[in-house]
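Novice: output the structure for:
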Amino acid sequence: MSDEEAVGFAMVECRTTDLDEYEGNDKPFYYLSNYMIDKNQQGKGLGKTALTELINYLRNDKPQIEAASIFLSYEPENAVARKLFTGAGFVEAGETEDGDDIVAKYALAL
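Specialist: Modelled structure (predicted):
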């Protein structure tokens, strides 16, 4: 694999309205709406490395907004996602409104 080969992607939304979508939240936040690593590249630590880089980018470079946190959600039975996100410092913060997914939050230091 070369350093220039794409092995996955992340899609981050900057939320400045509907801040109460997640209980107890009243500040602008980032929402990690998609996070994927190519199935042929999984199991190599790339997901963890990329997630760490993404968190550092959002914390230090503040690309769109001065956000207090990052939110994401995943299916409760997805043990790999749970391990990845909680291992990176995300804390489970409840369920989505429809109750189908777990919501997790990462607090960014401001």
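Novice: can you show me the helices along this structure?
Specialist: Applying DSSP state H to the chain gives helices spanning 46-61, 79-87.
Novice: so can I have TSV of those helices showing mean neighbour count?
Specialist: (Each C-beta comes from the backbone N, C-alpha and C, glycine too.) Below are those laid out as TSV (neighbours: other CB atoms under 10 Å):
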stretch	mean neighbour count
helix 46-61	15
helix 79-87	15
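Novice: tell me which of the ones you listed lies nearest to residue 4.
Specialist: The closest of these to residue 4 is helix 46-61. By CB to CB, the value is 14.2 Å.
Novice: what's that closest one in contact with?
Specialist: 7-8, 10, 12, 30, 32, 35, 37, 63, 67, 70, 84-85, 87-89, 106, 108-109 (CB atoms under 8 Å, 6 or more residues apart in numbering).
Novice: got it, and stretch 102-110?
Specialist: Contacts for stretch 102-110 (CB under 8 Å, 6+ apart): 22, 55, 58-59, 66-76, 82, 85-86, 88-96.
Novice: buried ones in that stretch?
Specialist: 102, 103, 104, 105, 106, 108 (16 or more other CB atoms under 10 Å).
Novice: name the nearest residue to the third one, ignoring sequence neighbours.
Specialist: On the basis of CB to CB, 6 or more residues apart in numbering, the spatially nearest residue to residue 104 that is not a chain neighbour turns out to be residue 90, at 3.9 Å.
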